[in-house]
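A.B. asks: give me the fold of what follows.
(chains A, B, C and D, ligands or ions: 4)
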Amino acid sequence: MVAVQAQDDLRRVLDDEGKPLPGVQVPAIPEDTLLKIFDTMALVRIMDDRMMRLQRQGRLGFYMKSIGEEASHFAVAALRASDWVYPSYREQGAWFWRGYTIEQFVNQLFGNEKDPVKGRQMPVHHSANWLNLVSISSPVGTQIPQAVGTAYAAKIAGKDDVAMVYFGEGTSSTGEFHVGMNFAGVWKAPCIFLCRNNGWAISVPTEKQTAAKTFASKAIGYGMPGIRVDGNDLLAVWQVTSEAIARARAGQGPTMIEALTYRIQGHSSSDDPSVYRDPKEPEIWEKRDPLNRLRNYLRHCGLYNEAAEKAHSEQVNQAITDALAAVDHIPAPVVESMFDDVYEELPWNLREQRQYLMAQPRTKSPHQH
Amino acid sequence: MVAVQAQDDLRRVLDDEGKPLPGVQVPAIPEDTLLKIFDTMALVRIMDDRMMRLQRQGRLGFYMKSIGEEASHFAVAALRASDWVYPSYREQGAWFWRGYTIEQFVNQLFGNEKDPVKGRQMPVHHSANWLNLVSISSPVGTQIPQAVGTAYAAKIAGKDDVAMVYFGEGTSSTGEFHVGMNFAGVWKAPCIFLCRNNGWAISVPTEKQTAAKTFASKAIGYGMPGIRVDGNDLLAVWQVTSEAIARARAGQGPTMIEALTYRIQGHSSSDDPSVYRDPKEPEIWEKRDPLNRLRNYLRHCGLYNEAAEKAHSEQVNQAITDALAAVDHIPAPVVESMFDDVYEELPWNLREQRQYLMAQPRTKSPHQH
Amino acid sequence: MPTMNIIEAVRDALRTQMRADSRVVVLGEDVGKFGGVFRATSGLVEEFGAERVIDTPLAEAGIIGTAIGMALYGLRPVPEIQFGDFIFPAVDQIVNELAKFRYRSGGQYPCPVVIRTPVGGGIRGGHYHSQSPEVLFIHTPGIKVVAPSNPYDAKGLLLACMRQNDPVLFMEPKRIYRASKGEVPEGEYTVEIGKAAVVREGTQCTVLAWSGMTSIAEEAGKKAEAAGISVEVIDLRTLMPFDIDTILDSVKKTGRCVVVHEAPKTAGFGGELVASIQERALEYLEAPILRVAGFDTPFPYTLEHEYLPNADRVLGAIRQTLEW
Amino acid sequence: MPTMNIIEAVRDALRTQMRADSRVVVLGEDVGKFGGVFRATSGLVEEFGAERVIDTPLAEAGIIGTAIGMALYGLRPVPEIQFGDFIFPAVDQIVNELAKFRYRSGGQYPCPVVIRTPVGGGIRGGHYHSQSPEVLFIHTPGIKVVAPSNPYDAKGLLLACMRQNDPVLFMEPKRIYRASKGEVPEGEYTVEIGKAAVVREGTQCTVLAWSGMTSIAEEAGKKAEAAGISVEVIDLRTLMPFDIDTILDSVKKTGRCVVVHEAPKTAGFGGELVASIQERALEYLEAPILRVAGFDTPFPYTLEHEYLPNADRVLGAIRQTLEW
Ligand SMILES: Cc1ncc(C[n+]2csc(CCOP(=O)(O)OP(=O)(O)O)c2C)c(N)n1
Ligand SMILES: Cc1ncc(C[n+]2csc(CCOP(=O)(O)OP(=O)(O)O)c2C)c(N)n1
Ligand SMILES: [Mg+2]
Ligand SMILES: [Mg+2]
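C.D. replies: Ligands and ions are numbered 1, 2, ... in the order given. Now for the predicted structure:
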């Protein structure tokens, strides 16, 4: 079980109620940015809730929610648009922040003809090259050296773009984590490693994942700074990410950030955590909810407007409803599209197979609409 | 380039001349053990020299020497016989220490009928299950999680055996290093990771291998102690290894040891280091030669007998000469043996292929004698 | 005799062997309290304790690497790879280490590790929860490959694997983990490794299948019968070493053959079967041997049912061999 | 025209393309000052600097993983894997990531990475410096596989690979790296990917080979000629997509076929070739298509020349097809 950690090695700006802690420096986040983050975080919360209900109704095959972990998504907000991001499957906020739309998101979940990845991947495996957001991959860890390659490529190309990769603490056990971190250290690649420590990798708690005192301490082995931050404290996340970005852009190399948070619910829509953990454990963390804390902080700053939140929430809900309504009329990708994009051009074997398939009677797929 | 490190984080017992440093605790190595280590170290030195000459004469396909790194081999001397060892290709001392004979060693190099691995592997890829020495594998890193599995198996089986795995500092960059270290930490496996930092991975110097301050510092990320030791100081190597073994046997888990040494010559008989490094660099290290230092230490303790060394050296040389003479009369493994040991029993495809091959005219292999 | 599905049969095999042989240990991601994401190991940690049912950190190379070290020391590890698609980080440990240990040590170090992993599509898993990676391992000398299609074989073969001394990749058909039910004896019995089963007798065309495709082949066999065509269906069960005798007996009788597999067609195991048969029985062939297989694309999500071989396609191929 | 060996031709291709396209970067173990253990990259770091010729830490997964990230950003990485045997730690990056990137992103992210690696035996390298791992990659949709057998093709194909937009595994025949010499044009030219070469014309039997086995097949062709048998030898050059038309044209003409490869026979690429040919040209076959391949054992050390296919064995198989 992840205990709330001693404060000295954990960067916090806000207390659990969302008030700045005495003596801390509060990062200067522009007001409109702060409000946009709040709105986007609320959107993620609403989306998760709606999609899980849909999944429970049997209308959606699979979903992955991030309730309680949303503040960590917004590390992305400290980047600029030309920076590249490799999200894992649990940072929906990163997508919406950069302008991925509710329609795109929903169409991806349904794998229909308007899905940006053409119905090729499971739900929550988005891709948006126009936003410099790289395709999500299920095999965890693989994205880490890829992000390092992107970061170093920017350096080689003489640009000051940085790359950021999100991953869970369980993923830090993969060989690819090590390999990616090590290359980044040697290359002084402008890369930010955002390890979202939510206490669990499916059913495996952190103490079965590593004997290291903290995940951030792993950075030492790669000669890079490792920073722990309260992952439910948006201001602290913004702050440490901004520092890491500044270092990266200045040619000072990579940073690993461990964002301490907690997976309040199951791993995915297929999981039932009551089998393996004490149902009391999440309760501690519900009190530290990042959305509440940010709302309280906005209130504290006089930036909060309840009516505006309500309006925004209604608008989001309506957009989701509309997208879901539209989904019923969006067909599955056409069958022959299965053969596209394997290569730039179709080789003879795929041409032959496409021809064969098109001559077969159509299969009514159980998950076509 | 590896500089001689500051002393505070580097365990040393002997100075470069082989005298105990002021104020250090000298480990209590039994006299006969110490003398046996000296003899075995001298044997390795002689063997390397003879085999390299043989290779240069074109009589041996390939060889890997360890001149200047031999003290690190003798971490094995602090273990007991029931402990398991996974050597890399550069710890010939570990084999001889445990009783692998000069004949076996030479027969392996020649891959002949008396080779313990039946001519299946390249030179220097030994295996001796009767000595709890596990087969050397060329792909580096793979042995690390294997050693952890062996260590943990001992624990599961209720025995207090430990496992030790040797590897080069370059190998610490592999995913398998990370994965093995991490499992060992979580499992508190009685495993000792002996990282022989000889400054080079073929042509790649340590600063291109990692940005970590030391290799030992990587242990922090796995929640285990990481200790740096002068790898050319036999007494210090013995001391830190003994401490690690004691911890492991007491159920206190794994230790990583970084033995700082230097690869004086080429990576293997195929390498020419003058292409990529300053020929002056090795010179510094020649002065710290581990065999000389141990000899001086023995002298200092009144244990050294020049005549005995000479006699031993002659005896070893004679044994090598005899083994090499014998080699000319030992045939290659019989052709049908190629199909043995793929599985416990021959499946039909291998039976068929064996029959086919035996019906073919024999190929005179360029490296059969 | 109790009725079990494949998951239950696998669990029963594990439990039976763990009771019989204290050297058997299970390890993998989520195999402990959670009992595995498909629940194949559920209840085992309660019975055998956390030292024999080991939740590992998230690293397939570590799961197989440590299993190798355990096997060398004398244990009998049965690691689980959560999905066949995630076996690739462990491929070096399997191909270069596990499979070659006995050989490269001159017979000194046998390495009896049985790797269990669910394979195949049809569960809406997209590229990364659907692959059938058998051919790489069939091509790797030193490891056996076993792929049952029903609960009886699953238990009997898994027990056989855990009692022999070579490494095995044991592929479980996840799509029918629960759907495939049948009578399974309690306690100990084995199904011989290397022996195929003729699951439907017939005279005009032989259909070779395994794992999740066996039921598709059987369905095609039934449809063929309705159309007046007599089809023999063989469930290979073991892919390496595959049962060449049973295959040849059948093809020599029928003169026609169709191979069905989920993995992409090109360089799939079907190619080997075709090549082996025509080497030995060309004179018996009345028509080319056809393959109905996955297409040469990554496994798709929405269109997976267009991707997967189905009974109609198999029947189409059977007809084609008859009309050739 | 200068005469070059394969190493020189590869180096020349790299240098030529690096001059023409500043996006091309080379990375791998020892590729910098040392110029690669086979010296294929020697001189490049001096000309193009350490940011375009990158000595990496020792981790194949990192070499390929970072190359992917570079390619996505717009570079053209040409990673080197020091020996084909050490590609396995990178298999997950290649099979699950590199090959599927374009597809899984719905075409958004092409990933033009050209992986160079020396393959094959005959250099006294034992299991771990001798393997021919092509079939795994041929079986993986999304990556092309190219395997030249001589300096001219090596340069022309490598240039072609670096100028197209799909990932490629470029396998180099290390045994004949220096032994195979020939005239190679200076500057730019390409050899088309996907096109085989008929390297010897003949009428009675087709022999298919690639990489280090092409010269063995040619030698067998010569020996056959001396024995009065007319053999056509085809060097496939590209294995994925392989040149089915050239193969079929030849086999339809000769009616007989022998496939030669170094990798183990079972489930090797030979199986696919046999299956594809008999699917399309069974009626032309006068005899079974035979395979002369590596045996189903790990690659041995002392006995490697018993292991490797040789001209006599190929000739034996040719005779067998003629006498069938
Ligand atoms: C290589 C690999 N092995 C196994 C899995 C199956 N799997 C999916 S998510 C997961 C746990 C990941 O935990 P963590 O990294 O902590 O991320 P979180 O889910 O907590 O966000 C596992 C084991 C996978 N996706 N990839
Ligand atoms: C997985 C893998 N990649 C590449 C190689 C080729 N190779 C052999 S030794 C070596 C360098 C190893 O350096 P280090 O670990 O420092 O050991 P040292 O040789 O210095 O003892 C390399 C790259 C290999 N054997 N295995
Ligand atoms: Mg987690
Ligand atoms: Mg080294």
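A.B. asks: okay, now residue 285: neighbour count?
C.D. replies: Went with chain A since none was named. With neighbours defined by other CB atoms under 10 Å in any protein chain shown, the count for residue A:285 comes to 19. Glycine gets a C-beta too; all of them are placed from N, C-alpha and C.
A.B. asks: I was after chain C.
C.D. replies: Neighbours of residue C:285 (other CB under 10 Å): 22.
A.B. asks: cool, and residue A:20?
C.D. replies: Neighbours of residue A:20 (other CB under 10 Å): 16.
A.B. asks: got it, and residue C:323?
C.D. replies: The burial count for residue C:323: 7, using other CB under 10 Å.
A.B. asks: again, but for residue A:58
C.D. replies: With other CB under 10 Å as criterion, residue A:58 counts 7.
A.B. asks: show the backbone phi and psi for it.
C.D. replies: With angles defined as degrees, to the nearest 10, residue A:58 sits at phi 80, psi 10.
A.B. asks: and the strands in the stretch 251-369 of chain A?
C.D. replies: Taking DSSP state E, counting those that start in this stretch as the criterion, the stretch 251-369 of chain A carries its strands at A:255-260.
A.B. asks: low-confidence ranges in it?
C.D. replies: A:364-369 (pLDDT under 70).
A.B. asks: tell me the SS of the nearest residue to residue C:20 once chain neighbours are set aside?
C.D. replies: Nearest non-adjacent residue to residue C:20, counting by CB to CB, 6 or more residues apart in numbering or on different chains: residue C:188, 7.0 Å away. Three-state assignment for residue C:188 (DSSP: H, G, I helix; E, B strand; the rest coil): coil.
A.B. asks: please apply the same query to residue C:156.
C.D. replies: Classified using three-state DSSP, residue C:156 is helix.
A.B. asks: number of nearby residues for the closest residue to it other than its chain neighbours?
C.D. replies: Nearest residue to residue C:156, sequence neighbours excluded (CB to CB, 6+ apart): residue C:191, at 3.2 Å. As a burial measure, residue C:191 scores 20 neighbours (other CB under 10 Å).
A.B. asks: give me the pLDDT for residue C:191.
C.D. replies: We have a pLDDT of 98 for residue C:191.
A.B. asks: over to it: give its phi and psi.
C.D. replies: With angles defined as degrees, to the nearest 10, residue C:191 sits at phi -110, psi 130.
A.B. asks: pull the contacting residues for residue 298.
C.D. replies: Defaulting to chain A. A:34, A:35, A:38, A:304 (CB atoms under 8 Å, 6 or more residues apart in numbering or on different chains).
A.B. asks: chain C, not that one
C.D. replies: A:120, A:342, C:127, D:99, D:100, D:103, D:104, D:141, D:142 are the contacts of residue C:298 under CB under 8 Å, 6+ apart.
A.B. asks: and residue C:156, by the same measure?
C.D. replies: Counted by CB under 8 Å, 6+ apart, residue C:156 has contacts C:13, C:189, C:190, C:191.
A.B. asks: surely the residue nearest to residue C:20 touches residue C:16?
C.D. replies: Yes. Shown here, residue C:188 and residue C:16 form a contact pair, counting by CB atoms under 8 Å, at 6.0 Å.
A.B. asks: shared neighbours, those two?
C.D. replies: residue C:159.
A.B. asks: more neighbours, the two?
C.D. replies: The residue with more neighbours, out of residue C:188 and residue C:16, is residue C:16; 19 against 14, by other CB under 10 Å.
A.B. asks: what helix or strand is the more buried one on?
C.D. replies: helix C:6-20 (DSSP states H and E).
A.B. asks: who are the packing partners of the longest helix anywhere in chain A?
C.D. replies: Longest helix of chain A, by residue count under DSSP state H: helix A:31-56. Judged by 3 or more CB pairs under 8 Å, 6 or more residues apart in numbering or on different chains; DSSP states H and E, helix A:31-56 is in contact with helix A:70-73, helix A:92-97, helix A:102-110, helix A:290-301, helix A:306-327.
A.B. asks: would you turn the ones you listed into CSV with distance to residue B:146?
C.D. replies: Putting the helices and strands packed on helix A:31-56 into CSV (distance: least, CB to CB, whole Å) gives the following:
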stretch, distance to residue B:146
helix A:70-73, 36
helix A:92-97, 39
helix A:102-110, 41
helix A:290-301, 43
helix A:306-327, 50
